[in-house]
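> Take this sequence and fold it.
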Amino acid sequence: MSPSDLPPPHPSRSPSSLSPEARRLLELPLPPEMHALLAAAPSVTVASSHEQLIELAVRDAPAGGSQEVAYEVPGQGRVVEAEVCRTRNGICANYLEPYMRRRDPDCLVIGDELPSDKTTYVERFGTAFAPVREATFDWLKTQPLAVFAFHAGLPSPATQALAIVPDNAGFFALGLALLQGIVAVDELPDDFQPKAVIYVAPPFRHSHFEGQQVVVHNRRESLHELFSYNLYPGPSAKKGVYGMLLYIGVRERWVTMHCATVQVVTPYENKVVITHEGASGGGKSEMLEYAHRQPDGTLLIGRNLETGETRKFTLPKGCDLRPVTDDMALCHPSLEKGNGKLTLMDAEEAWFVRCNHIDRYGTDPHIEALTVHPPEPLLFLNIHGRPGATTLLWEHIEDAPGEPCPNPRVIIPRKIIPNVVHGAVDVDVRSMGVRTPPCSAAQPSYGIIGLFHLLPPALAWLWRLIAPRGHANPSIVATEGMTSEGVGSYWPFATGRMVDHANLLLNQIIQTPEVRYVLIPNQHIGVWEVGFMPQWIAREYFARRGGARFAANRLHPSRCPLLGYTPGSIMMEGSTIGNWFFEVEHQPEVGPAAYDKGAAILTEFFHRELKAFLGPDLLPAGARIIECCLQGGSLDDYQGLLDLPCLDPDED
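Numbers count the residues shown, from 1 in each chain. The predicted model follows:
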């Protein structure tokens with residue numbers, strides 16, 4: 001675009017009134033629509049640092065008070081979306097509507113006509129997206145704007161991106177900049193040309209979408225447009241960018257995993273890398289936490305919901321944890337070393353940490369200390385914050401009197417997390433987390449998963465296809481019963497076809513034969529309430545063993561074939577955890593009959609979800625695995641489908 005082709009600037013400003021940063025931005029080869037709205041807007045604040053966005057987030061707050069983030073909505077008048085204040089340890093933002101305090105799992109729609117299994121804009125709303133897209137641009141042209149550049153994941157020319165946000169929503173821009181980083185305008189190359197852009201237009205949630213969270217992905221030939229019609233950063237600033245990465249990965253044949261990764265260092269200085277996958281609420285962030293101890297230093301394995309009995313475990317010294325990823329992991333081919341292991345690195349600059357389990361002082365001293373006295377300001381969401389005071393993680397706002405919001409969050413820059421690992425790591429163990437309900441003879445359920453199970457690679461792939469959201473998910477708007485988060489557990493954020501991601505995940509497993517796979521529940525094991533203790537105990541156990549490598553004669557098949565193998569019991573540091581926590585059918589309050597009913601629920605769920613993947617584009621090996629499941633295959637059947645190791649040779 002030549003200077004003579006540029007649209008005229010906003011009539012209330014002259015080119016000389018633009019900041020040097022804004023002039024620099026307008027000189028770059030931006031798409032015409034983007035250039036037009038930046039030229040027409042009343043003002044454009046170009047941010048080059050987090051500090052600028054922190055100031056913008058509370059620019060309009062009265063002295064000693066909070067800033068209302070509000071917009072005029074036709075027919076409704078002034079609508080306040082959030083209240084924001086500056087506290088001693090960062091920025092605190094709270095939404096007035098409980099609905100806006102967590103991600104709506106159905107918020108993503110596709111605005112284009114490229115291949116996709118996702119709901120399109122036309123299917124959901126009955127009209128084309130193009131008129132709403134134009135209306136969005138028209139509205140943005142009337143707003144003072146904030147703009148900044150970033151990379152969507154891995155820094156490269158293919159991931160250059162811009163965010164265009166109403167400047168009174170500085171807290172949202174701050175959240176995105178913390179999560180994805182920010183590139184100063186004077187550091188942009190002359191040929192900077194965004195391949196992705198996020199447009200934010202909050203009042204459209206009310207004027208066009210009946211108050212619902214809506215995020216529209218519009219994939220164009222050379223630009224991935226994302227339109228965020230809400231101010232909760234989960235569906236757009238975080239998962240929206242994730243969707244952009246997944247789209248790039250499908251085209252280039254690689255995966256961005258939905259996982260937390262930790263390097264575990266034993267008291268004897270052995271190192272094991274575990275990556276924990278699963279749907280929202282499946283324990284990803286918790287895999288990076290130290291086990292919560294009782295006042296006497298023991299670990300509370302669980303509490304029996306019927307008898308009130310508790311079981312504790314003595315672990316004199318736990319392993320040291322070196323966090324690697326919290327939620328998104330790049331598995332780019334350039335990282336692979338040819339050693340049979342999965343190599344990955346973090347795709348984020350900060351972590352979106354849920355802290356609903358921290359309900360009082362001293363629950364998690366490590367993260368509490370880090371957030372009370374951070375080396376730089378943080379962003380808190382859904383937590384009580386008072387101007388000039390210290391925001392405390394355990395002071396959650398309430399959705400209703402006496403009902404704490406289940407999704408309080410804090411965004412923590414990666415660079416300030418203690419002992420964080422920089423660069424890529426090789427993964428030894430891939431675990432899958434599942435939120436499980438209580439299971440008893442009186443109320444059978446799928447809460448039959450033991451403390452951990454070893455899965456053959458073929459079965460591990462199936463669990464990644466169905467990725468159950470499970471019981472009482474705190475991160476999303478409530479859903480009924482057992483539902484699937486979809487392929488890779490990242491399907492809610494993807495834009496293309498399920499089968500393409502299924503094939504990528506299967507190839508990833510086939511190409512990394514040295515990795516072992518385990519399944520770990522959280523919340524309940526049968527009638528025992530366990531929280532996230534199973535994965536903390538399993539993490540300590542696998543690290544001491546050098547990974548999830550077991551001799552064939554040390555394990556036996558679970559009663560339900562979908563649960564792979566179980567050790568029956570384990571001993572660690574002289575303490576034993578018995579079979580009640582590994583073979584739920586032996587719990588007196590459950591029994592074999594209730595267990596089998598739970599297994600039937602699980603099996604029916606697998607059958608229902610897996611049928612959607614069968615088709616001509618599925619890899620032949622994948623089709624054989626799914627058919628094996630639909631026909632009630634055994635563990636030996638699953639093990640024979642992929643020529644990959646699972647169990648080691650027998651031990652004497």
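> show me what contacts the closest residue to residue 553 other than its chain neighbours?
Closest residue in space to residue 553, ignoring its immediate chain neighbours: residue 650 at 4.3 Å, by C-beta to C-beta, 6 or more residues apart in numbering. From N, CA and C alone the C-beta is placed, and that goes for glycine too. Neighbouring residues of residue 650 by C-beta atoms under 8 Å, 6 or more residues apart in numbering: 551, 552, 553.
> got a list of contacts for the lengthiest helix in the chain?
When the chain is parsed with DSSP state H, its longest helix is helix 591-610. Residues outside helix 591-610 that contact it (C-beta under 8 Å, 6+ apart) are 439-441, 444-448, 462, 465-466, 468, 482, 484, 559-560, 562, 584-585, 626, 629-630, 632.
> ok, residue 463 - how many residues close by?
Neighbourhood size, residue 463 [other C-beta atoms under 10 Å]: 21.
> sorry, back to before: okay, buried residues for the longest helix of the chain please.
For helix 591-610, burial by neighbour count (16 or more other C-beta atoms under 10 Å) applies to 591, 594-595, 597-599, 601-603, 605-606, 609-610.
> Could you tell me which other helices and strands the following helix or strand past that helix packs against?
Going down the chain from helix 591-610, the next helix or strand is helix 620-630, by DSSP states H and E. Here helix 620-630 touches helix 457-466, helix 498-510, helix 591-610, helix 635-641, going by 3 or more C-beta pairs under 8 Å, 6 or more residues apart in numbering; DSSP states H and E.
> Looking at those, spot the one closest to residue 220.
Distances from residue 220 to each of those were compared using C-beta to C-beta; the minimum, 19.3 Å, belongs to helix 498-510.
> And that closest one, how far out from the chain middle?
Helix 498-510 has its average C-alpha position 19 Å from the chain's average C-alpha position, going by C-alpha atoms, centre = their mean, to the nearest Å.
> got the angle between the following helix or strand past it and helix 498-510?
Next along the chain after helix 498-510, taking DSSP H and E as the criterion, comes strand 516-525. Taking axes from the mean of the first three to the mean of the last three C-alpha atoms, to 10 degrees, one finds strand 516-525 and helix 498-510 inclined to each other by 120 degrees.
> tell me which residues in strand 516-525 are buried?
Buried residues in strand 516-525 (16+ other C-beta under 10 Å): 516, 517, 518, 519, 520, 521, 522, 523, 524, 525.
> tell me the contacts of the last one?
Looking back up the chat, that one is residue 525. 302, 436, 447, 449, 450, 451, 534, 581, 584.
> Mind picking the two most distant members of the buried residues of strand 516-525?
Distances among the buried residues of strand 516-525 were taken as C-beta to C-beta; the most separated pair is 516 and 524, at 24.8 Å.
> residues contacting residue 114?
219, 496.
> So for this structure, which residue is the most central one in space?
residue 327 (4.6 Å; C-alpha atoms, centre = their mean).
> pLDDT value on it, please?
Per-residue confidence (pLDDT) for residue 327: 92.
> Tell me how many other residues crowd the nearest residue to it once chain neighbours are set aside.
With C-beta to C-beta, 6+ apart as the criterion, residue 327 has its nearest non-adjacent residue at 6.0 Å, and that residue is residue 284. Residue 284: 27 surrounding residues under other C-beta under 10 Å.
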